[in-house]
Every structure is written in structure tokens, then in C-alpha cells.
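S.K.: Structure of the sequence below:
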Amino acid sequence: MLKHGYGLLLFVFFILAGSARAVACEGCSDHTQAWFYPVWAVSAPYAQAIRVRDTDSALGRYSHKTKQIGLKDMARIHGHLCDGLAVSFVEIKAVLVLLFPDGVVDRTDLRAVSKNSPCGVDAVSFMTGARINFRTLSIDPSVGGGFIIQRISTGEAYQVSLKAGVLPEKQAKLEAHIRTLRAKGQPISAAEIDEAERLANQLSRKVLGTQPARLVRVKRLHNFHFIPMEVGGSRGDIINKNMPVNLSNVERSNM
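M.R.: Now for the predicted structure:
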């Protein structure tokens, strides 16, 4: 009888402990290993998620709680974890910590400029909330492999890019070679793809394992004027973000 009672107490303890962890980590990002998210990414010291603030519905106010966005979340949306995604994550995060020193990124209050890169556009859209169709994301090849990110409410803007020498010359040449051949409709070997992927993973590990100040250059842009692309319209799901909210009503609606 005692053994059964002790077992029941242990069961209750673990249930309560699990609930406590869930509450303590409410809104946290999933940062566990998966077939598309290797163990080295899980343990990388500079792959920590960012915390963001959004609105709570299509016509709602600011959410009274925050959530996290992590590199694994981005890999799900982008399709894979790659060096372009890792570099973009580190670059964008380096600007966001300056724009939001309290540690909470307001994704209703940002606009950005990126080159037409699959990795860069996906990363900056996800991390900042900037979109072409809302005229808060502009595509401009002159920014190169970096970004310009501006906080709309204050006008504060920064340009970020990798420092010279971070991207290995061997990798840059191989990638250029592959793109040139494919643009001409010519085949490439499986060995070339394998080598390109090996070098890309090597760069990802370096970027996520190195102090960002050693990798990126961040420059304050004074009097930056954002030029939107001539598409889309205004964003409708943030028009009521500053309206007052009754927290007791919000809590009941989430039950």
C-alpha cells in the first residue's frame, strides 16, 4: 500500500513539475534536435531565440503576452537550415537588440530592406514582420548580403553586413561556379553539391558559434528614408494595436 501511495505521489510530482515548466516557458520556441535541425545547432551559443510582440487578432490590439521565434522555427518555414539562414539570423538579431534594448521585438513597428535572396527575405520577414505587400519590405540588391532595418515609430535605422573574410573564398567560388553552370542549363556533379553543402554547414557552425561582434558590422543610418515598393497596401491587422484591453476578458477567451 505504501509503495502504491509513493508511486502515486511521484506521478503527481512529475505532472506538476511538467506543468510548472510549461508555464515558465509559455510562448517559448522549440529548440530541440530534429532531422532538419542538427545537434550542433541546438548547442550553438548564438542560436538563441528572440522574443517578439504582435497583435492578438486580425483586428485586435497588442497581445498582452510575448512569444519566441527561433532558428528552428525559421528552418521550418524556409524549408531547411542553411548558411544563408544562419547568417541572416545573426545579422538581423544584431540590429534588433539595438532597436529594442528591452529584449522584446515589436513586429508591428519595423520595416526592412533586403536583396532578393530566398534566405534573407524569409528571415527578415519572419523576424521583423516586414512584408512587400504591406510596403514595409523593399528589395534592393545594393544592400548585398546584409540588411537595413528601421523602427518605424522612432525612425532609428541600422545597416548590417558580414565583415570581410567571414565567407570563405573557396565557398564563394564554388557557389558562383554552380550558379553560373545552372544558369546556362549545364549539369553539375553530385560531388560539387556535396562539397557546397559541407562548406555551407561549416560556415553555419562558425556563425552560430562565434560572438556576433566578430562577424558582423552594424552601422547607424541617420536620416534614412525608406522607399517602399509600388505594390500592396496597408496592413489591416495592426490598426487597433494601441486600443485599451480588458485583461480579464482576454484571459477568459483563452481558456
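S.K.: Now do the helices in this protein.
M.R.: For the chain, the helices defined by DSSP state H cover 2-24, 39-42, 71-78, 83-99, 118-128, 169-183, 190-209, 247-253.
S.K.: Just the mean pLDDT for the second one, thanks.
M.R.: Averaged across helix 39-42, pLDDT comes to 96.
S.K.: who touches that helix?
M.R.: Residues outside helix 39-42 that contact it (C-beta atoms under 8 Å, 6 or more residues apart in numbering): H31, T32, Q33, A47, L71, K72, L81, S204, R205, L208. From N, CA and C alone the C-beta is placed, and that goes for glycine too.
S.K.: so how far is G209 from the nearest residue to the last one once chain neighbours are set aside?
M.R.: Right, the one you point to is L208. Among residues not flanking L208 along the chain, A44 sits closest, at 3.6 Å (C-beta to C-beta, 6 or more residues apart in numbering). Distance from A44 to G209, counting by C-beta to C-beta, to the nearest Å: 5 Å.
S.K.: same question, Q202
M.R.: Taking C-beta to C-beta as the measure, Q202 falls 11 Å from G209.
S.K.: what's the answer for I152, then?
M.R.: 33 Å.
S.K.: who has more neighbours, A44 and G209?
M.R.: Between A44 and G209, counted using other C-beta atoms under 10 Å, A44 has the larger neighbour count: 20 against 14.
S.K.: coming back round to it: same list (the helices of the chain) but as JSON lines, adding distance to P228.
M.R.: Formatted as JSON lines, the helices of the chain follow (distance: least, C-beta to C-beta, whole Å):
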{"stretch": "helix 2-24", "distance to P228": "41"}
{"stretch": "helix 39-42", "distance to P228": "34"}
{"stretch": "helix 71-78", "distance to P228": "23"}
{"stretch": "helix 83-99", "distance to P228": "19"}
{"stretch": "helix 118-128", "distance to P228": "14"}
{"stretch": "helix 169-183", "distance to P228": "29"}
{"stretch": "helix 190-209", "distance to P228": "30"}
{"stretch": "helix 247-253", "distance to P228": "33"}
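S.K.: So which of those helices is nearest A112?
M.R.: Among the helices of the chain, helix 118-128 comes nearest to A112, with 4.8 Å by C-beta to C-beta.
S.K.: and the closest one, how far from the chain's centre?
M.R.: 7 Å (C-alpha atoms, centre = their mean, to the nearest Å).
S.K.: can you state the direction angle for it and helix 71-78?
M.R.: 120 degrees (axes from the mean of the first three to the mean of the last three C-alpha atoms, to 10 degrees).
S.K.: what's next to helix 118-128, contact-wise?
M.R.: Applying C-beta under 8 Å, 6+ apart, the external contacts of helix 118-128 come out as 50, 52, 69, 73-74, 77-78, 82, 84-85, 87-89, 92-93, 96, 105, 107, 110-112, 114, 130-131, 137, 139, 145, 147, 149.
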